[in-house]
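> need coordinates for the below:
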Amino acid sequence: MADLVVLDTGPFVALLDRHDPMHRWATEQSKQLRPPFVTCEAVVAEAIFLLQDVHDGLPQVSGLLRDGFVRLGFHLDEQLESITTLMAKYHDVPMSLADACLVRMSELHDRARVFTLDADFKLYRRHGRQAIPLTIP
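Have a look, this model is predicted:
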């Protein structure tokens, strides 16, 4: 089975905003990685907020979700204890809710790879001490 790609906000936005400085890199990476990508509601909320001034930002996000290119693969209510533990552990970074959800997703799926622009993922550890496989510039 191929690696599961866990999508962070940065590349999500970069894929949809042609003016984003990381658009070309994110597009090239998305061609090499195998969709569908999975993410969480917190990432979708951040992406929609950041794309609010981009022409067709919301319809593009909705389209990727509707078409199955990006899927929601996380239930915060089921993982709340793990999420709050992660956010407390990394309070000095600080860790956002979206980042905590993505780290937890990488723990739940052994072959997960986080597709991100966020260097904080180099600091985060899954299962306490394992480096998280990343696709990062």
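
> residue 94 and residue 104: what is the separation?
Residue 94 sits 16 Å away from residue 104, going by C-beta to C-beta, to the nearest Å. C-beta here means a position set from N, CA and C on the backbone, and glycine is covered the same way.

> those two: which is more packed in?
Remark: of residue 94 and residue 104, residue 104 carries more neighbours, 20 against 9, as counted by other C-beta atoms under 10 Å.

> model confidence score at the more buried one, please.
If you check residue 104, the pLDDT there is 98.

> SS state for it?
helix (DSSP: H, G, I helix; E, B strand; the rest coil).

> which stretches of the chain have low pLDDT?
1-2 (pLDDT under 70).

> and residue 40, how many neighbours?
So residue 40, with other C-beta under 10 Å, has 25 neighbours.

> can I assume it is in contact with residue 100?
No - between residue 40 and residue 100 there is no contact, the gap being 9.3 Å when judged by C-beta atoms under 8 Å.

> does residue 24 sit in a helix or strand, and which one?
helix 23-32 (DSSP states H and E).

> would you map the strands across the chain?
Using DSSP state E, the strands of the chain run over residues 4-7, 37-39, 70-72, 112-115, 125-126, 130-131, 134-135.
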